[in-house]
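Visitor: sharing a sequence plus its predicted fold:
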Amino acid sequence: MIRRTLVALVLAAGFVAPSVPTMAEPLVTQGIGTSSCGKLVADLKPGEGLQNPVNLMLYAWVQGYLSAANVSLLEADGKHVDLGTLDETKVVALVAAYCKANPDHKPMAAIDDFIRKATKLRAKWDVGTVNWNG
């Protein structure tokens, strides 16, 4: 009886076995920054600071993303973005405003735009010191 019920439910739901790709698309980045702006914007509450768990997840993701971007910038030409001026209030407000205006984009695009426009500071850095392939 249970088996027939499960089969009926599967058929009623229009279950179609997904095709299995021969090779999956490589995952380059993941986390809250790659989610949909349209879905995320309703859960961001800039006034709640890091007490809001979605704000906290976003801020932590942005810190990691910007840190990785800074290593890339430093390796490329010895410059970086000063992260000391970017606190949780600014991050959440920046992403919330971007996502409200661009619901079909990803929050990562807001941070990429911030990086492009930010003043880059020269740092003492030996280009080629990071070896992730070795």
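Guide: Looks like it arrived, so ask away.
Visitor: so residue 64 is in which element?
Guide: Per DSSP states H and E: residue 64 is located in helix 53-77.
Visitor: other SSEs contacting the next helix or strand along the chain from that helix?
Guide: Later in the chain than helix 53-77, the nearest helix or strand by DSSP H and E is strand 79-81. Where contact means 3 or more CB pairs under 8 Å, 6 or more residues apart in numbering; DSSP states H and E, strand 79-81 is packed against helix 53-77, strand 120-122. Every residue, glycine included, has its C-beta placed from N, CA and C.
Visitor: average model confidence for the helix holding residue 64?
Guide: Average pLDDT, helix 53-77: 93.
Visitor: same question, stretch 110-125
Guide: Mean predicted confidence for stretch 110-125 is 94.
Visitor: pLDDT at the residue positioned nearest the centre of the chain, what is it?
Guide: The structure's the chain has its C-alpha centroid closest to residue 33; by CA atoms, centre = their mean the separation is 1.7 Å. pLDDT, residue 33: 78.
Visitor: secondary structure element holding the closest residue to it other than its chain neighbours?
Guide: Spatial nearest neighbour of residue 33, excluding adjacent residues (CB to CB, 6 or more residues apart in numbering): residue 108 at 4.2 Å. Applying DSSP H and E as the criterion places residue 108 in helix 107-117.
Visitor: ok, residues contacting that helix?
Guide: Here helix 107-117 makes contact (CB atoms under 8 Å, 6 or more residues apart in numbering) with 29, 32-35, 37, 40, 58, 62, 65-66, 69, 73, 81, 86, 94-95, 98-99, 102.
Visitor: which members of these are classed as buried?
Guide: 32-33, 35, 37, 40, 58, 62, 65-66, 69, 73, 81, 86, 94-95, 98-99, 102 (16 or more other CB atoms under 10 Å).
Visitor: returning to that earlier point: now for the residue nearest to the centre of the chain: which residues touch it?
Guide: Counted by CB under 8 Å, 6+ apart, residue 33 has contacts 58, 61-62, 65, 106-108, 111.
Visitor: much appreciated, bye for now.
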